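# fold the stuff below for me.
(one chain, ligands or ions: 1)
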Amino acid sequence: MKDLRNMTKSQIVEAIEQIGEKAFRGKQIFEWVMQKGVSDFDQMTNLPKSLIEKLKQEFTIDNYKIVEQLVSGDGTIKALGALEDGNLVESVFMTYKHGNSACISTQVGCKMGCAFCASTLGGIVRNLTVGEYLGQIYALQNLTGKRIDNIVLMGSGEPLDNYEETVKFLKRVTDTEGLNISIRSITVSTCGLVPEIYKLADEHLGITLAISLHNPFETERIEIMPITKRYGIVELLKAVDYYIAKTGRRVTFEYALIEGINDSVAHAEQLGRLLKGKLVHVNLIPVNAVKEKGFKPTQNNRINGFKSQLVDKYKINTTVRRELGSDINAACGQLRNSRLEANQS
Ligand code: SF4
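You can find the predicted model right below:
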């Protein structure tokens, strides 16, 4: 069966005509699927019952069903959803001063092997489709009854390792006839796939690019982020310079502080030297503890010292990210892993 969320407006109209219906019905269906985000054909109240029955035979619409949710004291909701093939991926709903954000997954699992990340523990299973990216947004909107204003591609998976679907998603989710989310409110996070950063710069999409750096020393970064063996830090920073020059957009560097691993004065100094004078912003995030890895977050006084060094000495715009959902273990992959473990035991 075909997933309607994977299809563009013209593809839906064409498919509806192929089952013997008029084009205007296709446009109505597109509105139900892409603007209203319904997850049940019976909600399409302006369609005849006979057409609804036909749609149920030919198409699917509910490609991400939330099977478990954890709600944090700060309002963050972490959802675990089942895809149609039974695979599970996580998405997160967060409320900030500037609106509601969704953090969504782009792959089932991940092959990048970052040492601090629970998503990579079982390797990669498969890429998500553009319809499954969208399905997570609709499911979170339907669950909360609130419109999503900002999107972060920072759940499980490396978005640039699923490049074609990621770019399709960026175009579809900003479509004025669809969800119509501002491109400036979307962040794509990468562990540093250099060729795809160049490609993305050339797409002129206007998204915010976020680089998960996490260590400014090459030999140490290799230990926690094996992608560094393929694309070293110098090469990565060159690609970032290209991205900034091409798009004029400020690039964010994500830096998860792990106690005793990457939070020393020497790390802050090296990070400052690497980024000084560039159009960048550094986000310091105390890492969420991952029990399988034994990592602990850096303590607050040390985080503040790290930040002061970047701001005062190197004049780098730096913030400490508010830890949303820390009471529900919101780091990507953790909910899915506990469900998989429970199923195995
Ligand atoms: S941090 Fe991101 S890129 Fe690295 S393993 Fe986890 S999901 Fe993959």
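# switch to C-alpha atoms for all contacts and neighbour counts from now on
Fine.
# now do stretch 31-51: everything it contacts.
By C-alpha atoms under 8 Å, 6 or more residues apart in numbering, the residues outside stretch 31-51 that reach it are 4-5, 25, 29, 52, 55-56, 61-62, 138-139, 142, 177-179.
# weed out the non-buried ones from these.
4, 5, 25, 29, 52, 55, 61, 62, 138, 139, 178, 179 (16 or more other C-alpha atoms under 10 Å).
# ok, now which ones touch the most centrally placed residue in the chain?
Centrality entry for the chain: nearest residue to the mean C-alpha point is residue 153, 1.7 Å, by C-alpha atoms, centre = their mean. Contacts for residue 153 were tallied using C-alpha under 8 Å, 6+ apart; they are 103, 104, 105, 106, 159, 186, 187, 188, 189.
# how about it, nearest residue that isn't a chain neighbour?
Of all residues not flanking residue 153 in the chain, residue 188 sits nearest, at 4.9 Å (C-alpha to C-alpha, 6 or more residues apart in numbering).
# nearest to residue 172, of the contacts of residue 153?
residue 186 (12.4 Å; C-alpha to C-alpha).
# before we move on, back to that, which among the contacts of residue 153 count as buried?
Neighbour counting with 16+ other C-alpha under 10 Å marks 103, 104, 105, 106, 159, 186, 187, 188, 189 as buried within those.
# could I get those residues as TSV with pLDDT and distance to the ligand?
As requested, these are exported to TSV (pLDDT from 0 to 100; distance: C-alpha to the nearest ligand atom, whole Å):
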residue	pLDDT	distance to the ligand
103	95	12
104	96	11
105	96	8
106	97	9
159	97	8
186	97	17
187	95	14
188	96	11
189	95	8
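# please flag which of these sit within strands.
Among the buried ones among the contacts of residue 153, the members falling in strands (DSSP state E) are 103, 104, 186, 187, 188, 189.
# on that earlier part again, go ahead and confirm the residue nearest to residue 153 touches residue 212.
No: contact criterion C-alpha atoms under 8 Å: residue 188 and residue 212 do not qualify, at 10.4 Å.
# burial measure for the nearest residue to residue 83 once chain neighbours are set aside, as a count.
Closest residue in space to residue 83, ignoring its immediate chain neighbours: residue 64 at 4.9 Å, by C-alpha to C-alpha, 6+ apart. Per other C-alpha atoms under 10 Å, the neighbour tally for residue 64 reads 27.
# can you list the residues of the stretch 51-200 of the chain near the ligand?
Within the stretch 51-200 of the chain, the positions adjacent to the ligand are 110, 112, 113, 114, 117, 119, 120, 156, 157, 158, 191 by C-alpha under 6 Å from any ligand atom.
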